[in-house]
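> A predicted structure for the sequence below; I have some questions about it.
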Amino acid sequence: MAGGNPQKNNHHPSSSSSHHRKPSTNNPNKPSPSNPQPNKPSPKLNPNPRPEPLAPPPQPPPAYGFHMLDRRTIVLADGSARSYLALPPDYQDLPLQFPRVPIRPPGPDPWLGLDRDNYRQQNQEYWNSLGVEGSRKRKFGDERDELNDEFARQRQQLLQYGNTVGSHVAGPSSQDEKSAKIIKAEAKGNMKRRTNEAKVIKPEGDYRSWQGRVSEVDQEKVKSSFLNFVRAITENANQKNKYLADGKQGALQCLACGRSSKDFPDVHSLIMHTYNPENSTSDQVPNHLGLHKALCILMGWNYLMPPDNSKVYQRLSADEIAANLDDLIMWPPHVIIRNTSTGKGKDGRMEGLGNKAMDMKLRDLGFTTGKSKSMYGREGHMGTTAVKFAGDQSGLTDAMRLADFFEKQKRGRGSWASVQPMYRQGNEDEKDPNFVKLDKNGQKERILYGYLGTVSDMETVDFDTRRKVTIESKREKAHHS
């Protein structure tokens, strides 16, 4: 029996044995048993590997809450005790909380950092498959996103991080709801601010329609507001220079709005706001129009032309700019006399012509109605004397006559502006013929320059003089007198 079994298998092979022999005879390339190969399919031969077993379903997360925290007490330096909540010592061993499930459907969007337009171009077939209604909704959605880009980004941050309803089994906490309200408030505030900034500079047509309303405003209130603002701007050197820098020294504020003013990037945007103030009452409109005129004169622009985005109103000749400034005189009228210092004294402080000495010089010239006042600073005499005249028609006439006297001697405002860069207080300019000359007796005498005091000279006089004067129009004063 033991010897018959092999013979039987040789003549009548079984199905299992024949199955093992057949590949060895028909496939000569198969490796021999002497050189076995691991039974691992190659990626090329078997592109579909055996799938891995599915992971078990996740367990429900634990009910997190304040009950898991430990209440501890600490004694402060003053002896008082304070309690607080802290994580337990074995918080590392606690089961991890499952990550939040995104509530935003997958797809291209700015909050994912993808370029939606490029994504659509690369996947045009997918967007076409949405149909007419789907593409129409996406189109209108894109327009809203472009108009409300920042608000949409804030809203997505709120949806992703601020609103925790449904993302925790234990329910939303009061802190999360408070954070969500804060984010919503900030988003609304940012959107309102962007909307207001977009309305600062409007098309020219809006201002043409507003021009008809300017004539309806009380012009006396506009004039009073203008004179007050032009004085307030020019008497403060820092504020004046900030406006002249045209936004390069920081954002500008509207003096008519006061503390409620928003920031403006330059004088042009501020002027556009003052000419057409939004949400302003009838009492605030004259103040804004007065500030508009004051800023235009300060910058050397045409206040008679409505401002627009073309900025044509900013083109004004040098003679017109000087005429606008010269018309705004100090009242009561003053004549500013320069180069009145005489040098340094023994104590090192600057000395100059006193009030009585200047009055005597003016009497010698035939001007007896003015009253001189020398300007003094930290270092002594400032080399400037202000001659005050009466605040009426006769005083204005005498002041203009003294100013014309200096102008005919070629020692008026323009002449002083040309030699002022070479002016040095002290004894350094005694040899300069622009500042010192010899009198009939061969004695050195200061060459005086003088001109009618205007709004441009507010920072030249002392605080007491600025406090007692106002700014008026020379043309109107001369006409009414």
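Here it is on my side, so go on.
> SS state for Lys431?
Using DSSP: H, G, I helix; E, B strand; the rest coil, the structure places Lys431 in coil.
> Show the average pLDDT along stretch 369-381.
Here stretch 369-381 scores 92 as its mean pLDDT.
> List the contacts of that stretch.
Contacts with stretch 369-381, where a contact means CB atoms under 8 Å, 6 or more residues apart in numbering, come from 335, 337, 340-342, 344-345, 349-356, 358-359, 362, 382-390, 394-395, 398-399, 402, 425, 460-462, 465. All C-beta spots, glycine's among them, are computed from the backbone N, C-alpha and C.
> and the end-to-end length of stretch 424-444?
This stretch, stretch 424-444, spans 16 Å end to end (CA to CA, to the nearest Å).
> Can you name the residues in contact with that stretch?
By CB under 8 Å, 6+ apart, stretch 424-444 touches 339, 341, 343-344, 350, 379, 383, 419, 422-423, 445-447.
> quick one: what helix or strand has Lys437 in it?
strand 436-438 (DSSP states H and E).
> Met375 too?
Assessed by DSSP H and E, Met375 sits inside strand 371-377.
> The chain: strands as residue ranges?
For the chain, the strands defined by DSSP state E occupy 70-75, 81-86, 328-331, 334-338, 341-344, 350-352, 371-377, 380-388, 436-438, 444-446, 449-452, 470-473.
> in the first one, what's buried?
Neighbour-count burial for strand 70-75 flags no residue at all (criterion: 16 or more other CB atoms under 10 Å).
> now swap in the longest one and tell me
For strand 380-388, the neighbour count (16+ other CB under 10 Å) marks 380-388 as buried.
> cool, and stretch 473-481?
Buried residues in stretch 473-481, counted by 16+ other CB under 10 Å: 473-474, 477.
> burial count for Met358?
Residue neighbour count, defined by other CB atoms under 10 Å, stands at 22 for Met358.
> Apologies, that question was intended for Met360.
Met360, neighbours per other CB under 10 Å, totals 13.
> What of Met299?
Count around Met299 with other CB under 10 Å applied: 17.
> go on, the one 4 residues further on?
Tyr303 is surrounded by 20 other residues when neighbours are defined as other CB under 10 Å.
> contacting residues for it?
Applying CB under 8 Å, 6+ apart, the residues contacting Tyr303 are 292-293, 296-297, 313.
> Equivalent analysis for Gln239, please.
Counting by CB under 8 Å, 6+ apart, Gln239 makes contact with 232-233.
> let's see 10 Å
Residues near Gln239 by CB atoms under 10 Å, 6 or more residues apart in numbering: 232-233, 252-253, 255.
> Next, find the distance separating the closest residue to Ala390 other than its chain neighbours from Gln393.
The shortest distance from Ala390 to any non-neighbouring residue, by CB to CB, 6 or more residues apart in numbering, is to Pro332 (6.4 Å). To Gln393, Pro332 is 12 Å away according to CB to CB, to the nearest Å.
> now do Met422
Per CB to CB, Met422 is found 38 Å from Gln393.
> same question, Pro333
10 Å.
> Tell me which of those two has more neighbours.
Legend: neighbour count by other CB under 10 Å for Pro333 and Gln393, higher for Pro333 (27 against 12).
> Tell me who's in contact with that one.
Contact analysis of Pro333 by CB under 10 Å, 6+ apart lists 370, 387-392, 395-400, 402-403, 452-453, 469, 472, 474, 477.
> cool, and Val312?
Contact partners of Val312, counting by CB under 10 Å, 6+ apart, are 204, 301-302, 305-306.
> so what's Pro28 scoring on pLDDT?
Pro28 carries a pLDDT value of 47.
> I meant to write Phe226 there.
pLDDT, read off for Phe226, is 95.
> Kindly report the same for Leu298.
94.
> so who does it touch?
Counted by CB under 10 Å, 6+ apart, Leu298 has contacts 229-230, 233-234, 240, 243-244, 267, 324-325, 455-456.
> hmm, try it at 7 Å
If a contact means CB atoms under 7 Å, 6 or more residues apart in numbering, then Leu298 has 233, 243 as its contacts.
> Please apply the same query to Ile74.
By CB under 7 Å, 6+ apart, the contact set of Ile74 is 82, 84.
> now do Ala386
The contact partners of Ala386, by CB under 7 Å, 6+ apart, come to 334, 336, 373, 375, 453, 461, 465.
> bridging residues for Ser372?
Assessed by DSSP bridges, Ser372 has beta-bridge partners Val387.
> measure it to Ala318 for me?
To Ala318, Ser372 is 32 Å away according to CB to CB.
> Looking at those two, which has the bigger crowd around it?
Taking neighbours as other CB under 10 Å, Ser372 and Ala318 compare with Ser372 leading, 21 against 8.
> do you know how far that one is from Met358?
4 Å.
> Check Ser282 too.
As judged by CB to CB, Ser282 and Met358 stand 49 Å apart.
> same question, Met382
13 Å.
> likewise Asn241?
Applying CB to CB, the value for Asn241 to Met358 is 30 Å.
> what do you get for Ile233?
Distance, Ile233 to Met358, by CB to CB: 30 Å.
> same check, this time on His381
His381 is 11 Å from Met358, by CB to CB.
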